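In: generate coordinates for the sequence data below:
(chains A, B, C and D)
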Number of protein chains: 2
Amino acid sequence: MDPHLLRTFVAVLDHCSFSRAAAALGYTQSAVSQHIAALEADVGARLVERRPVGPTPAGARLMEHAPALLLRLDAARADIARLNGARPTRLTLACSPAALGPTVAQALADLRASARLLDVDVRTLGRAAVLTEVVGGRADLGFVDGVAAPSDPLPIPDLGPTVTLAAAEEPLAVVFPDGHPLARRRSVRLTDLAQAQWIDAPDTAVPLDRLRAVCRTDGFPPRLRHHGTDLHGLAALAAAGHGLAALPLPLASALPGITAVPVGEPRLVHRTELVHPANPTEPARELAALIGR
Amino acid sequence: MDPHLLRTFVAVLDHCSFSRAAAALGYTQSAVSQHIAALEADVGARLVERRPVGPTPAGARLMEHAPALLLRLDAARADIARLNGARPTRLTLACSPAALGPTVAQALADLRASARLLDVDVRTLGRAAVLTEVVGGRADLGFVDGVAAPSDPLPIPDLGPTVTLAAAEEPLAVVFPDGHPLARRRSVRLTDLAQAQWIDAPDTAVPLDRLRAVCRTDGFPPRLRHHGTDLHGLAALAAAGHGLAALPLPLASALPGITAVPVGEPRLVHRTELVHPANPTEPARELAALIGR
DNA sequence: CCACCTCCATCAGAGTCTCTTATCCGCCAT
DNA sequence: ATGGCGGATAAGAGACTCTGATGGAGGTGG
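Out: Residues are numbered from 1 along each chain as shown, chains lettered A, B, ... in the order given. Predicted coordinates for the structure are as follows:
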């Protein structure tokens, strides 16, 4: 199971095509064909259905491992690279949208005020991408947000040795269109809304499956799926009545066209966590220290 | 980063020797030397210190990834192999010592009574080994025990797609030597014992770092370390006053020479969980269904 | 102090592997 | 039919990865 073979396997299934995968990877189509054949011979099972190109059952199982393996290989490389390649003058942050709030911004300001010349690079990404960027070494530090019981940690998938640290906790709110009957409430019970229509915006609002897990229910039916990191776009959808979403209260209150109502029960908070590799770069370590204070 | 190279890298550091690693892997010493050289050229850093053989800082970082990577490669292979290689007449269980209690034994009896001819193979292993055996496909099903808040799941490291299921919850107890002053108590507070001397027996009793995490303290100093899966050996050590240990109450009460006192505060339980791959073998699925009822 | 032993590094060469190019084959739409 | 698309296959050049032989550094015992 050569990583090269796994990489082309993933590329083939991502692109649903041998030739497009070959182009993406800089191989010839022939090489890709041979890679898949070699992998199939290795595991002793057909992995890719041809025409149309798609995973066989065995291929689907392998797809549950291959991306994680490749990511961890990157993580290992990045871990080692950090030991030498000191570029202490640049700090790359990866943030999920609702994580980039006043706490993080202020800490970053403190860091830039205190430290010597520092070139900061902030990127807003989906939650999963924040982790892959940090673990893969393309970002020095990540901020991920989510929902949890007060002072409980967020469930962060284990992609390698990382350190997480609470950065901020804010009340959790449900956003309603302005004028919605429930928008006048002082607070709402999340479980009362389990059968309402929700917008599933896993990159911006709290993902619905997370709400289900925290509330131990299988409600929260998604009415509309929104991919991307655009909070204003999400607000527009919510304002137009496409469904509800869960956001941190301060942020949600500032978005146009919607009314944010705090969640009363269950007792939950919107939480932002800092995540960095076990051996962070120097500026990342400093920022983490500022947040940790 | 060829898996072969990673494998010999791990073997070299495990054996602290190129030649012994070569013998263990069935290579010549020359090949091992070339593997390490290739890996070092690949990552661009020296990984292994020679004479004596040991990890460099970069090598130490890689050692945090390499075993996990190799395990996950095995897991991928095993996942695919399970799709075809039906051997539905044999069930291999891996259990951590305190997990193999009446609940598990009874469920197993029910399964053997109900099912057609079934060849059962039970192995007692340390907690970590149970997971590697299950994930690597060498066991169909594992039972792991640990300590958690009531109805909270155990923290199981993420080595791939697995399913976990609560199998049993029992009161947690601290074991004292017979006649110990505290042995007459009806219950003890764990935090009162944070400064007592403890036996660290990670494979049998609840690991001390787990107690620290659950109690949010850094107490529980280990006075003696005991590796292995021998509960009677642990009891003998505890009876001789080498230190305290945490075990499930029913089991601890049955061990000779020691007195088990239930833990009153914090509210904790000894929990046993079943863990199996996301696509289990047929007998494993049946046993899981029996436990789940 | 030297002979010797252990252990890792290096070299050379045989066999294997892994690419590319070129071609083939099945399927589909025109 | 026919051309186009997309994957499979064949052949060959070059790179790779073993083994066996040899070299060299460091420790040890006589």
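
In: from the contact counts, what lies against the longest helix along chain A?
Out: In chain A, assigned by DSSP state H, the helix with the most residues is helix A:66-84. Under the contact definition 3 or more CB pairs under 8 Å, 6 or more residues apart in numbering or on different chains; DSSP states H and E, helix A:66-84 sits against helix A:3-15, helix A:127-135, strand A:269-277, helix B:29-43, helix B:57-63, helix B:66-84. C-betas here are computed from N, CA, C, even on glycine.

In: any chance of these in TSV, plus mean neighbour count?
Out: Output for these, formatted as TSV (neighbours: other CB atoms under 10 Å in any protein chain shown):
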stretch	mean neighbour count
helix A:3-15	20
helix A:127-135	22
strand A:269-277	24
helix B:29-43	17
helix B:57-63	21
helix B:66-84	20
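
In: and the most centrally placed residue in chain A, how close does it get to residue A:288?
Out: What sits nearest the mean C-alpha location of chain A, by CA atoms, centre = their mean, is residue A:127, with 1.1 Å. Separation of residue A:127 from residue A:288 (CB to CB, to the nearest Å): 19 Å.

In: go on, residue A:52?
Out: Counting by CB to CB - residue A:52 and residue A:288 are separated by 47 Å.

In: who has more neighbours, those two?
Out: Using other CB atoms under 10 Å in any protein chain shown as the criterion, residue A:52 and residue A:288 rank with residue A:288 on top: 22 against 7.

In: the more buried one is in contact with residue A:275, isn't it?
Out: No: using CB atoms under 8 Å, residue A:288 is not in contact with residue A:275; the gap is 9.6 Å.

In: overlap in contacts of these two?
Out: Counting by CB atoms under 8 Å, 6 or more residues apart in numbering or on different chains, the contacts common to residue A:288 and residue A:275 are A:141, A:163, A:165.

In: take the residues you listed and write them to CSV, including distance to residue A:64 and secondary structure.
Out: Listed next are the shared contacts of residue A:288 and residue A:275 as CSV, based on distance: CB to CB, whole Å; DSSP: H, G, I helix; E, B strand; the rest coil:
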residue, distance to residue A:64, secondary structure
A:141, 28, strand
A:163, 26, strand
A:165, 29, strand
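
In: any idea which of the residues you listed is closest to residue B:116?
Out: Set against residue B:116, the nearest of the shared contacts of residue A:288 and residue A:275 by CB to CB is residue A:163 (50.6 Å).

In: give me the residues contacting the longest helix of chain A.
Out: Helix A:66-84 is contacted from outside by A:3, A:6-7, A:9-10, A:132, A:135-138, A:159-161, A:277-281, B:1, B:43-45, B:57-58, B:61-62, B:64-66, B:68-69, B:72-73, B:76, B:160, using CB under 8 Å, 6+ apart.

In: can I get the helices and strands packed on helix A:66-84 in JSON lines including distance to DNA strand D and mean pLDDT?
Out: As requested, the helices and strands packed on helix A:66-84 are exported to JSON lines (distance: least, CB to the nearest atom of the strand, whole Å; pLDDT from 0 to 100):
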{"stretch": "helix A:3-15", "distance to DNA strand D": "8", "mean pLDDT": "93"}
{"stretch": "helix A:127-135", "distance to DNA strand D": "26", "mean pLDDT": "91"}
{"stretch": "strand A:269-277", "distance to DNA strand D": "28", "mean pLDDT": "92"}
{"stretch": "helix B:29-43", "distance to DNA strand D": "3", "mean pLDDT": "91"}
{"stretch": "helix B:57-63", "distance to DNA strand D": "18", "mean pLDDT": "92"}
{"stretch": "helix B:66-84", "distance to DNA strand D": "15", "mean pLDDT": "90"}
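
In: need those in a markdown table (columns: distance to residue B:213).
Out: A markdown table is the format used below for the helices and strands packed on helix A:66-84 (distance: least, CB to CB, whole Å):
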| stretch | distance to residue B:213 |
| --- | --- |
| helix A:3-15 | 34 |
| helix A:127-135 | 22 |
| strand A:269-277 | 17 |
| helix B:29-43 | 33 |
| helix B:57-63 | 23 |
| helix B:66-84 | 21 |
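
In: residue A:141 contacts residue A:284, correct?
Out: Yes: Residue A:141 lies in contact with residue A:284 (CB under 8 Å); the separation is 4.4 Å.

In: contact residues of chain A facing DNA strand D?
Out: A:17-20, A:29-30, A:33-34, A:36-37, A:50-51, A:53 (CB under 7 Å from any atom of the strand).
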